[in-house]
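S.K.: just to be clear, the model below is a prediction. Sequence and coordinates:
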Amino acid sequence: MLRPLTYVMAALVALPLWAAELRVPAASGGLDLAIAGATPGDVLVLEAGRHAGPVYIDRPLTLTGPQEAIIDGLGQGTVVTIAAPDVTVKGITVTGSGLNSQDLDAGIKILKKADRALVEGNHVLGNLHGIDVHGGLNAVVRANTIEGTQNPRMNDRGNGIYVWNSPGTVVENNSVRWGRDGIFSNTSRDGTYRNNLFRDLRFAVHYMYTNNSEVSGNVSIGNHLGFAIMFSNRVVLKNNLSLSDGSHGVMLNFANNADVSGNLVRGGADRCTFIYNAHKNIIYDNRFEGCTIGIHFTAGSERNVLTGNAFIGNRTQVKYVGTRDIEWSFEGRGNYWSDHPGFDLGGDGIADSPFRPNDLMDHILWSQPAASLLIGAPAVQLIRWAQSSFPATLPGGVVDSAPLMAGPIITVPPEYIAMEAEAAAKRNERQLDDFDINDLSSH
């Protein structure tokens, strides 16, 4: 009989005895006065209406209210700055930041030593950067709706969520639209970025020097590039969707020891996936479908494992230029190729003959695009027949010694199919004048 009472007493002891819930009317200067007079642990409930910013939170507080409670920065700097640990900002609307890129103006900014911040369920609208986690440890950014600016020059916009040097950050269940990158994570580690929706952006997720982290269950629709993992080690990239993205679905650029699995890229990207100077990665059980190039593999990438993937209906399944063979099967299990006319007389799901997805003519076409005019010429067909009949004449390239007879099936939830169709219809309207994936200095 005493045990429930003991639990209740323990819970009461854990809470600040002086914490209070204080209502804050939408009056000039009212929010600043409420914060200045609050005791650590207090809950400030903003009433509906417009509350003037910028706001600086320098003690552990909860700031909450209905969506109609709007903090407006009036175009001056960052709207809400969190400068103390254990702060919660929940359920309100934040808008009207400045547009100074050098100062990283944002809707909500979490500073160094402002650890364990919780930013949840807010509408963060029309700011330069949406939420900037800038040094605080173990922040949680959850279930926010973030809509950035729509400056005609995409590189002059800010990021939906910017994570800098903030180990332990969790970003989940957010919806991010417009702006520049959905999540830009730079010089950080041990983060988890999962189950977010990204639309109409440059990159859905952009990693630079971010190690030991996870990107999972996210959906990228109609962005220029889906998931860009750059200069980062030990990243888990799994179960993400890239639907009707324009340039790349997945890119590994100077990324090492990554686990890339269960991802779907489809809808006409230039490259479903691009592997550039990336080493010791395992890439398995992904589905790459309907791109101009299924996988572009280049720049001396070494010791990578590719197995269990499906390459379906890509105009060019593999683009690889090299002087030696690269084996793309592992422990007797290769990949599924929609253009491989294989047979499986043994019934074990493995085709009876190896598959080579590119030949000498492919190499010529990649290096000399004008040669595509000759693609139907009898001489070209003769060269390809000769190579298929005499494999010793083939150049170095990808060899799958155990191609699969079927590939992984990855379904798209119904709520995303209409968004995918809308993005595909708008593909020709995209403005790419200031977009260059190789310009690593523009973040």
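M.R.: In hand now; what should we look at? Residues are numbered from 1 along each chain as shown.

S.K.: only C-alpha atoms for contact and neighbour calcs from this point on.
M.R.: Fine.

S.K.: show me the contacts for Asp245.
M.R.: Listed by CA atoms under 8 Å, 6 or more residues apart in numbering, the contact set of Asp245 reads Ser220, Ile221, Gly222, Asn223, His224, Leu225, Gly226, Gly267, Gly268, Ala269.

S.K.: adding secondary structure, pLDDT and neighbour count, write those out as JSON lines.
M.R.: Formatted as JSON lines, those follow (DSSP: H, G, I helix; E, B strand; the rest coil; pLDDT from 0 to 100; neighbours: other CA atoms under 10 Å):
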{"residue": "Ser220", "secondary structure": "strand", "pLDDT": "98", "neighbour count": "30"}
{"residue": "Ile221", "secondary structure": "strand", "pLDDT": "98", "neighbour count": "30"}
{"residue": "Gly222", "secondary structure": "coil", "pLDDT": "97", "neighbour count": "30"}
{"residue": "Asn223", "secondary structure": "coil", "pLDDT": "97", "neighbour count": "31"}
{"residue": "His224", "secondary structure": "coil", "pLDDT": "96", "neighbour count": "27"}
{"residue": "Leu225", "secondary structure": "strand", "pLDDT": "97", "neighbour count": "30"}
{"residue": "Gly226", "secondary structure": "strand", "pLDDT": "98", "neighbour count": "37"}
{"residue": "Gly267", "secondary structure": "coil", "pLDDT": "93", "neighbour count": "23"}
{"residue": "Gly268", "secondary structure": "coil", "pLDDT": "89", "neighbour count": "24"}
{"residue": "Ala269", "secondary structure": "coil", "pLDDT": "94", "neighbour count": "29"}
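
S.K.: may I ask which two of the residues you listed are separated the most?
M.R.: Ser220 and Gly268 (13.6 Å; CA to CA).

S.K.: and the helix or strand hosting Asn186, how far from the chain's centre?
M.R.: Using DSSP states H and E, Asn186 sits in strand 183-189. Relative to its chain's centre, strand 183-189 lies at 11 Å (CA atoms, centre = their mean, to the nearest Å).

S.K.: what does the helix or strand following it contact?
M.R.: Once the chain leaves strand 183-189, the next helix or strand it forms, by DSSP H and E, is strand 192-194. Contact partners of strand 192-194, identified using CA under 8 Å, 6+ apart, comprise Gly168, Thr169, Val170, Val171, Glu172, Asn173, Ser213, Glu214, Val215, Ser216, Gly217, Asn218.

S.K.: surely Gly191 and Trp164 touch.
M.R.: No - counting by CA atoms under 8 Å, Gly191 stays clear of Trp164, with 10.8 Å between them.

S.K.: neighbour-wise, give me the winner out of the contacts of strand 192-194.
M.R.: Counting neighbours by other CA atoms under 10 Å, Thr169 comes out on top of these with 27 neighbours.

S.K.: how much space between that residue and Ile409?
M.R.: 31 Å (CA to CA, to the nearest Å).

S.K.: please apply the same query to Asp270.
M.R.: From Asp270 over to Ile409 (counting by CA to CA), the distance is 22 Å.

S.K.: the more surrounded of those two?
M.R.: More neighbours surround Asp270 than the other of Asp270 and Ile409, with 22 against 12 (other CA under 10 Å).

S.K.: distance check, that one against Val170.
M.R.: Distance, Asp270 to Val170, by CA to CA: 31 Å.

S.K.: ok, now Asp72?
M.R.: According to CA to CA, Asp72 and Val170 sit 26 Å apart.

S.K.: one more: Met419?
M.R.: In this view, Met419 and Val170 are 26 Å apart by CA to CA.
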